[in-house]
Every structure is written in C-alpha cells, then in structure tokens.
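> need a structure here:
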Amino acid sequence: MGNADNITGWITFFIGLYAVAAGVGEFRRPGFWAHIVRELRASNALQFLTGLFTLVIGATIYLVNPWNPADLLAILVSVLGAWIFIEGALILAFGDWFLNFAGKLMGSANRLWAGLSVLLGIMAIFAALVRLQV
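All right, here's what the predicted structure looks like:
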C-alpha cells in the first residue's frame, strides 16, 4: 500500500509494469501501436477522451509524487508526470498534428520502440523494488 514514504516507488513500479505490458503487446501484435494512433487520428471523440485521460493521469502523478531535490527518482517521476500532463494538453489542443507526429515517430521502428519500452519498464520495476525493498 502506498504512503508518503514510498509513493515514488509505487508510481515507478506501476509505470514500469505499464511499459513492459505495452512493449509485450506490440511484440505480440506488431503494428498494434500504429493502429491505435490511426484510430485516434480518425476520431475527435477518442482524441478528446485520450487527451483528457492523459492530462488527468499526468497531473495526478505530478501532484501526488513528493518533490525532493535530493532524490533523483522523485525528480524523474515528477518530470514524467509533468510531461504526461503536457502530452494530454497537446492531444486536446493539437490532436491532429500531435498524432501525425506520433504516428510518424512510431511507424518506422515498432520493434525498436517495443524493445525500448520493455527495457525501460524492467529498469523502472527494478528501481521501484530497490526503493520499496520488497
């Protein structure tokens, strides 16, 4: 269970699980991410809901994670929360442009992005487990 002493570790752990699951999903079904981006580009309603959901998740991570300038992991999690918030705002404001950019970025190297996602996810899980001393 999370508390003020270990919230950074738990946020890191769940972000790591998400990254591993997303990477494995792309490995299992190549083109999965590109298909999601195509569907988002085609639907204003999905763009709005995705932007809103992303914005709320980013704001929550940013606001809940304790800021500690002496703790590198806490800084990284806060910066990640801020970036997720900005990404949500960009999807809401410039969904068509942002998703075109994302589609081009992901379309060229799906296996590379999937591998990077799994690798970063494993690193995040390891950092979280060290932090949580589970």
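> in terms of contact count, name the helices or strands touching the lowest-mean-pLDDT helix or strand in the chain.
When the helices and strands of the chain are compared on mean pLDDT, DSSP states H and E, helix 32-42 comes out lowest with a mean of 88. On a contact count with 3 or more CB pairs under 8 Å, 6 or more residues apart in numbering; DSSP states H and E, helix 32-42 meets helix 7-28, helix 44-64, helix 72-107, helix 110-132. Yep, even glycine has a C-beta here, placed from its N, CA and C like the rest.
> winner for burial among those?
helix 7-28 (a mean of 18; mean count of other CB atoms under 10 Å).
> quick one: contacts of it?
Helix 7-28 is touched from outside by 2, 32-33, 61, 64-66, 71, 73-74, 77, 80, 110-111, 113-129, 131-132, with contacts defined as CB atoms under 8 Å, 6 or more residues apart in numbering.
> Mind doing that once more with 7 Å?
For helix 7-28, contacts defined as CB atoms under 7 Å, 6 or more residues apart in numbering pick out 2, 32-33, 61, 64-66, 73-74, 77, 110, 114-115, 117-118, 120-122, 124-125, 127-128, 131-132.
> same thing with stretch 74-86?
By CB under 7 Å, 6+ apart, the list of residues contacting stretch 74-86 reads 8, 11-12, 54-55, 57-59, 61-62, 65-68.
> Could I get the residues you listed in JSON lines, plus columns for pLDDT and distance to Phe27?
Converted to JSON lines, those look like this (pLDDT from 0 to 100; distance: CB to CB, whole Å):
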{"residue": "Thr8", "pLDDT": "95", "distance to Phe27": "29"}
{"residue": "Ile11", "pLDDT": "96", "distance to Phe27": "25"}
{"residue": "Thr12", "pLDDT": "97", "distance to Phe27": "23"}
{"residue": "Thr54", "pLDDT": "97", "distance to Phe27": "23"}
{"residue": "Leu55", "pLDDT": "97", "distance to Phe27": "29"}
{"residue": "Ile57", "pLDDT": "97", "distance to Phe27": "24"}
{"residue": "Gly58", "pLDDT": "98", "distance to Phe27": "26"}
{"residue": "Ala59", "pLDDT": "98", "distance to Phe27": "31"}
{"residue": "Ile61", "pLDDT": "97", "distance to Phe27": "26"}
{"residue": "Tyr62", "pLDDT": "97", "distance to Phe27": "30"}
{"residue": "Asn65", "pLDDT": "95", "distance to Phe27": "30"}
{"residue": "Pro66", "pLDDT": "91", "distance to Phe27": "35"}
{"residue": "Trp67", "pLDDT": "89", "distance to Phe27": "35"}
{"residue": "Asn68", "pLDDT": "89", "distance to Phe27": "35"}
